[in-house]
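In: Structure, please.
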Amino acid sequence: MAAVNSLRTAVMRLSRRLKHQRVDESLSPTEMSVLGTLARCGSATPSELARKEHVQPPSMTRIVAMLEAKGLVRLEPHPDDRRQKTVTQTERAESMLAASREKRNAWLAELAGRLDDDEWERLRAAAPVLEKLAHS
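Out: You can find the predicted model right below:
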């Protein structure tokens, strides 16, 4: 159980620190997460985004409205259901996400550069396992 606690603590701290490596400080972590979900999964309805982001639909409606006002997403008619809208990220969002990934990768690479060869090799070997846990 101590190993699980240590892993949880380390992952949470690293995640928090990574979240602060943003290009656009005006966006909340939740807004960034929604943009990331759209980048990975493609266009989605607000209800689908709410499920993927584990928030209530009214909260997602507000988030989408804020992202739309900032020019980061656009709402389009749903191809099969006229009552619904589809949320799509804009080119501006794609550029901002790419810049944010670049900044985070550079920050993480700088930290990893402080590891010795053995630590770096163990971290590289652990990455697929962490990836598996993250997507379970």
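In: Please list the residues outside stretch 96-105 that contact it.
Out: With Cβ atoms under 8 Å, 6 or more residues apart in numbering as the test, stretch 96-105 has contacts from 18, 21-24, 32, 35-36, 39, 72, 89. C-betas here are computed from N, CA, C, even on glycine.
In: Just the buried subset of the residues you listed, please.
Out: In the contacts of stretch 96-105, burial by neighbour count holds for 22-23, 32, 35-36, 72, 89, counting by 16 or more other Cβ atoms under 10 Å.
In: Let's see which of these end up in strands.
Out: Gln89 (DSSP state E).
In: Closest one to Ser136 out of the contacts of stretch 96-105, please.
Out: Comparing the contacts of stretch 96-105 against Ser136 with Cβ to Cβ picks out Gly36 as the nearest, at 18.2 Å.
In: Ile86 and Arg104: what is the separation?
Out: Slight slip there: residue 86 is Thr, not Ile. To Arg104, Thr86 is 28 Å away according to Cβ to Cβ, to the nearest Å.
In: no no, Asp117
Out: From Asp117 to Arg104 the distance is 24 Å (Cβ to Cβ).
In: Show me which of the two is the more surrounded one.
Out: Comparing Asp117 with Arg104 by other Cβ atoms under 10 Å, the one with more neighbours is Arg104, at 17 against 7.
In: mind checking the SS state of the more buried one?
Out: helix (DSSP: H, G, I helix; E, B strand; the rest coil).
In: how near is it to Pro29?
Out: 13 Å.
In: I'd like the distance between the most centrally placed residue in the chain and Arg40.
Out: Per Cα atoms, centre = their mean, the C-alpha nearest to the average position across the chain is that of Ser33, at 3.6 Å. According to Cβ to Cβ, Ser33 stands 11 Å off from Arg40.
In: isn't there a helix covering Val87?
Out: No - assigned with three-state DSSP, Val87 falls outside any helix and is strand.
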